[in-house]
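> I would like the atomic coordinates for the input below:
(chains A, B, C and D)
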There are 2 protein chains.
Amino acid sequence: MAPADTDSTKPAARRPYHHGDLRRAILTAALDVIAADGPAALSLRDLARRAGVSHAAPAHHFKDRTGLLTSIAAEGFGLLATTLREAPDLKEAGVRYVRFAREHPAHFQVMFTPGLLRADDLELTTARALAGDALRDSVSAVDPGDVDPRLAGVAAWSLAHGFATLLLSHNLDGPVGAQDPEEVFRTLAATLFR
Amino acid sequence: MAPADTDSTKPAARRPYHHGDLRRAILTAALDVIAADGPAALSLRDLARRAGVSHAAPAHHFKDRTGLLTSIAAEGFGLLATTLREAPDLKEAGVRYVRFAREHPAHFQVMFTPGLLRADDLELTTARALAGDALRDSVSAVDPGDVDPRLAGVAAWSLAHGFATLLLSHNLDGPVGAQDPEEVFRTLAATLFR
DNA sequence: GAGGCAATCTTGTCAGTGTCAAGTTGCGCG
DNA sequence: CGCGCAACTTGACACTGACAAGATTGCCTC
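Got it, this is the predicted structure:
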């Protein structure tokens, strides 16, 4: 309850005002709820309660329920873009795509559910474009071979996205079992893209 | 508006009672809403209004909002199973998987969003198992070659599912463009599984 | 260093929703 | 003929998202 650090030096970024970092608090609480019970279980009032603020406080940071989810999606695409950029080659990019979905299930789920998002939001569209660029670059880095690069991109993305989605929806619990999903995907991609 | 057939012969199945086939009416209305605006936009009271019944009527056929969605998912898995059974080979099964997603977007969406469903529902689990069997049979029909058939199944499913999902979430509007998605998937599968 | 200003948060309210409980209707079957 | 049961209605309650209007507080300027 009592402030742990009363030193006057402001850490680095803007520490907003008089209550705390509400925006971030609500975001992380929302991510918890979504990861546990899906976006449908998310309630602004519940998030406000968890953060110890009044029921209308969230609306000031994210206007809407849709606004909150859109912010989450934008953040997700940003994270995904940097993740893909760190991959040395295409196959590894796929592995990290799957890892991203497992480590950020809430982001992932929201990112690919357009019905929840404000499609024309600027932050969202730019972040998504950035992630798209990262994916395209990964594809073009591979030896062009004889296939249409755009088709190859769709193939790689479909494979990784399908695997990740089925994984999150517990549809691979049987086939994959106790094995490490990333390793399964690695061998899968290797046999397919040989 | 007026009943077209007033003949006393009951068609074949149980024509319920004094109002009409409410269960089916609510199901199809729900599918319309979900296809248009996603499962989040679905309201039992709205469905009741469309069917011209009182707000609590749907609860008698599907207990819950979750119950309604679970029924939709079960129906979807049933449809998917028969669809897959009709395919001559594995690649064609993939094509029909994609076609299924396009023709039944509401079913597809709900089927793979576990947060909306009653996971232990009997109808659902049996229908899902049936679809799983159909998929497995399609995979085992192909020349076993040198790869683990279970891995091959996961690969094929991931590819088709990822493609379908990305298609429905409008993430392939750019790369695929005006081309026929099924044809794109066909060539994609051909180059990948050569 | 004092005043004001804008961002942040609160309080109050409204329509809409899911769900439960209890009543009503009407068909079918004995 | 009447009785039972499934299908539906009516009513109520707690909860939610959204909006409007007011209160608080940190910061910036002069």
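
> How many neighbouring residues does A:Ala119 have?
Neighbourhood size, A:Ala119 [other CB atoms under 10 Å in any protein chain shown]: 10. Every C-beta, even on glycine, is put in place using the N, C-alpha and C of the backbone.

> Need the three-state assignment for it.
Secondary structure state of A:Ala119, per DSSP: H, G, I helix; E, B strand; the rest coil, is coil.

> Tell me the backbone dihedrals of it, please.
phi -60, psi -30 (degrees, to the nearest 10).

> go on, the one 3 residues further on?
Reported as degrees, to the nearest 10, the phi and psi values for A:Leu122 are phi -70, psi -50.

> ok, now A:Leu117?
Main-chain dihedrals, A:Leu117, degrees, to the nearest 10: phi -110, psi 160.

> which parts of stretch A:44-61 are buried?
A:Leu44, A:Leu47, A:Ala48, A:Ala51, A:Val53, A:Ala57, A:Pro58, A:His61 (16 or more other CB atoms under 10 Å in any protein chain shown).

> Can you tell me which of these end up in helices?
Applying DSSP state H to the buried residues of stretch A:44-61, the entries found in helices are A:Leu44, A:Leu47, A:Ala48, A:Ala51, A:Pro58, A:His61.

> I'd like the residues you listed as CSV, with pLDDT appended.
Supplementary listing: these in CSV, determined by pLDDT from 0 to 100:
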residue, pLDDT
A:Leu44, 98
A:Leu47, 98
A:Ala48, 97
A:Ala51, 95
A:Pro58, 97
A:His61, 95
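
> Pick the one among the residues you listed closest to B:Leu167.
A:Leu44 (31.4 Å; CB to CB).

> In space, what's closest to the closest one - neighbours in sequence excluded?
Among residues not flanking A:Leu44 along the chain, A:Pro58 sits closest, at 4.9 Å (CB to CB, 6 or more residues apart in numbering or on different chains).

> My guess is that neighbour contacts A:Ser71. True?
No: in this structure A:Pro58 lies outside contact range of A:Ser71 using CB atoms under 8 Å: 10.9 Å.

> quick one: the lowest-mean-pLDDT helix or strand in chain A near chain B?
Of all helical and strand segments in chain A, the minimum by mean pLDDT, DSSP states H and E falls on helix A:173-176, at a mean of 92. Yes: applying CB under 8 Å from any CB of the partner chain, one finds helix A:173-176 in contact with chain B at A:Pro175, A:Val176.

> in the helix or strand following that helix, what counts as buried?
Next in sequence after helix A:173-176, counting helices and strands by DSSP states H and E, comes helix A:181-192. Neighbour counts over helix A:181-192 (16+ other CB under 10 Å) mark A:Pro181, A:Val184, A:Phe185, A:Arg186, A:Leu188, A:Ala189, A:Leu192 as buried.

> Helix A:181-192 close to chain B?
Yes: applying CB under 8 Å from any CB, one finds that helix A:181-192 is in contact with chain B at A:Val184, A:Thr187, A:Leu188, A:Thr191, A:Leu192.

> got it, and stretch A:101-115?
Yes: against chain B, stretch A:101-115 shows contacts by CB under 8 Å from any CB at A:Phe112, A:Thr113, A:Pro114, A:Gly115.

> how long is that stretch from one end to the other?
19 Å (CA to CA, to the nearest Å).

> Next, the buried residues of it.
A:Ala101, A:His104, A:Pro105, A:Ala106, A:His107, A:Phe108, A:Gln109, A:Val110, A:Met111, A:Phe112, A:Thr113, A:Gly115.

> was I right about the fourth one contacting A:Ala73?
No: taking CB under 8 Å as the definition, A:Ala106 is not a contact partner of A:Ala73, at 10.2 Å.

> in chain A, which ranges drop under the pLDDT threshold?
A:1-19, A:144-146 (pLDDT under 70).

> quick one: the helices in chain A?
A:22-37, A:44-51, A:58-61, A:65-85, A:90-103, A:105-111, A:122-141, A:149-168, A:173-176, A:181-192.

> CSV for those, including distance to DNA strand D?
Shown next, in CSV, are the helices of chain A (distance: least, CB to the nearest atom of the strand, whole Å):
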stretch, distance to DNA strand D
helix A:22-37, 10
helix A:44-51, 4
helix A:58-61, 6
helix A:65-85, 4
helix A:90-103, 25
helix A:105-111, 14
helix A:122-141, 17
helix A:149-168, 23
helix A:173-176, 30
helix A:181-192, 32
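
> For B:Glu86, find the nearest of those.
Nearest to B:Glu86, of all the helices of chain A, is helix A:149-168, at 21.7 Å by CB to CB.

> one step back: closest to chain B out of the buried residues of stretch A:44-61?
A:Leu44 (13.8 Å; CB to the nearest CB).

> Please list all residues in contact with that closest one.
Listed by CB atoms under 8 Å, 6 or more residues apart in numbering or on different chains, the contact set of A:Leu44 reads A:His55, A:Pro58, A:Ala59, A:Arg65, A:Leu68.

> So which of the residues you listed would count as near DNA strand C as well?
When CB under 7 Å from any atom of the strand is applied, the members of the contacts of A:Leu44 adjacent to DNA strand C are A:His55.

> between the buried residues of stretch A:101-115, which is closest to DNA strand C?
A:Gly115 (15.3 Å; CB to the nearest atom of the strand).

> Not including adjacent chain positions, what is the nearest residue to the closest one?
A:Gly115 sits nearest to B:Gly38 (CB to CB, 6+ apart), 2.6 Å away.
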